[in-house]
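Asks: only geometry, no sequence info:
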């Protein structure tokens with residue numbers, strides 16, 4: 001008899017759901033990378049074809065994140081264990 005974790009892993013691979021799982025984990029990766037306080041001041045608008053769109057209503061935070069977006073992209077990808085995010089667009 002297989003363990004539940006093995007069955008779930010097999011199901012996910014069989015149905016090619018890995019990209020959707022990573023997409024669902026993205027808000028957690030974002031919070032881990034930018035911190036809880038800043039994550040609460042941002043809105044992840046969309047994620048499509050490797051492009052993460054983030055809304056930041058406060059100009060000072062927006063400027064900070066724009067300057068750090070490549071660093072943030074690399075850290076998110078490190079959390080994901082692969083090249084999940086190709087680009088971050090901050091508005």
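Replies: Noted; the coordinates are in hand. Note that the structure is a prediction, hence the values are computed from the model and not measured.
Asks: Show me where the protein dips below the pLDDT cut-off.
Replies: Along the chain, segments meeting pLDDT under 70 span 1, 12.
Asks: For this protein, which segments are assigned as strands?
Replies: All strands of the chain, identified by DSSP state E, fall at 43-48, 51-55, 87-90.
Asks: Number of residues surrounding residue 84?
Replies: Using other Cβ atoms under 10 Å, the number of residues around residue 84 comes to 20. All C-beta atoms are positioned from the backbone trio N, CA, C, and that covers glycine.
Asks: The one 5 residues further on now?
Replies: Counted with other Cβ under 10 Å, the neighbours of residue 89 add up to 13.
Asks: For it, name its beta-bridge partners.
Replies: For residue 89, the beta-bridge partners are residue 53 (DSSP bridges).
Asks: quick revisit: now the strands of the chain as CSV including distance to residue 27?
Replies: Shown next, in CSV, are the strands of the chain (distance: least, Cβ to Cβ, whole Å):
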stretch, distance to residue 27
strand 43-48, 6
strand 51-55, 10
strand 87-90, 14
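Asks: The ones you listed: which one's closest to residue 17?
Replies: Nearest to residue 17, of all the strands of the chain, is strand 43-48, at 15.4 Å by Cβ to Cβ.
Asks: What is the neighbour count of residue 43?
Replies: For residue 43, the count of nearby residues is 11 (other Cβ under 10 Å).
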